[in-house]
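1. Mind looking at a prediction? Sequence and model below.
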Amino acid sequence: MLEPKQIQLSTRRDDRGALTEIFRENWPDCSSSVQWNLIRSEANVLRGMHVHVSRIDYLVVLQGHVHVAMCDLRKPAVERRSGTIVELSGENPSALMIPTGVAHGFYFREAASLVYGMTHYWDPVNDEFGCQWNDEALGVPWPAECVAPLLSPRDEAAGSLDELLATLRNLEHRSW
């Protein structure tokens, strides 16, 4: 079973507000990021499921709550895959690492913002693959309110997990 790498972040508060360190290169399992992105999503939006073959994602929710679904595709499934959900919030900040070969998706039950760093530049052709978010073979226990989320056209058109796995098997350059 996938054990998500999560770092609890420390916040220092005073009468003026708060300061939270969101990244230190010397933290365990942290890789240097070459690109940082900001995502702002409305309520009931789902982004994913996506998998990267070259990059690691490092994300922190700034505001709101986000359910991050993950399913390890790096090893052949002997039994039914078991996806997991990690809930992140801006109120209790933590950082989550998503390694190469781990399919992931974000469900925003409410409007939220997050930042994420990437160890390689965004490459939608060679490092951005996906499948249907609700493919039962992923084994993701989506929250009950995630019934008819808003999807991008790309995510709506995504194929099955079996199709994604066939694509990944044919890639020669993957690092895992």
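-> Structure received.
2. hey, let's count contacts and neighbours off CA atoms from now on
-> Fine.
3. Now do the helices in this protein.
-> All helices of the chain, identified by DSSP state H, fall at 153-156, 161-169.
4. Quick one: closest of these to residue 85.
-> helix 161-169 (17.6 Å; CA to CA).
5. so which of the helices of the chain comes closest to residue 72?
-> The stretch from the helices of the chain with the least distance to residue 72 (CA to CA) is helix 161-169; that distance is 11.4 Å.
6. Determine how far the closest one lies from the middle of the whole chain.
-> Relative to the chain's own centre, helix 161-169 is displaced by 18 Å; criterion: CA atoms, centre = their mean, to the nearest Å.
7. mind putting the helices of the chain in a markdown table, distance to residue 45 included?
-> Listed next are the helices of the chain as a markdown table, based on distance: least, CA to CA, whole Å:
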| stretch | distance to residue 45 |
| --- | --- |
| helix 153-156 | 11 |
| helix 161-169 | 21 |
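8. got these as a markdown table, with distance to residue 11 and mean neighbour count columns?
-> Below are the helices of the chain laid out as a markdown table (distance: least, CA to CA, whole Å; neighbours: other CA atoms under 10 Å):
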| stretch | distance to residue 11 | mean neighbour count |
| --- | --- | --- |
| helix 153-156 | 35 | 13 |
| helix 161-169 | 39 | 14 |
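9. Pick out the shakiest of those helices, pLDDT-wise.
-> For the helices of the chain, the weakest mean pLDDT is recorded on helix 161-169, namely a mean of 93.
10. tell me which strands and helices that one is in contact with?
-> Applying 3 or more CA pairs under 8 Å, 6 or more residues apart in numbering; DSSP states H and E, one finds that helix 161-169 makes contact with no other helix or strand.
11. what's next to it, contact-wise?
-> Residues from elsewhere that reach helix 161-169 (CA atoms under 8 Å, 6 or more residues apart in numbering): 73, 129-132, 135, 137-138.
12. redo that, cut-off 10 Å
-> 49-53, 73-74, 76, 101, 103, 129-138, 158, 174 (CA atoms under 10 Å, 6 or more residues apart in numbering).
13. Check stretch 18-30 too.
-> 5-13, 31-33, 56-62, 93-97, 115, 117, 119.
14. circling back: just the buried residues from the contacts of helix 161-169, in ChimeraX please.
-> Applying 16 or more other CA atoms under 10 Å to those, the buried members can be selected in ChimeraX as follows:
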select :49,50,51,52,53,73,101,103,129,130,131,132,133,134,138,158,174
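15. residue closest to the middle of this protein?
-> Closest residue to the average C-alpha location of the chain: residue 104 at 4.2 Å, with CA atoms, centre = their mean.
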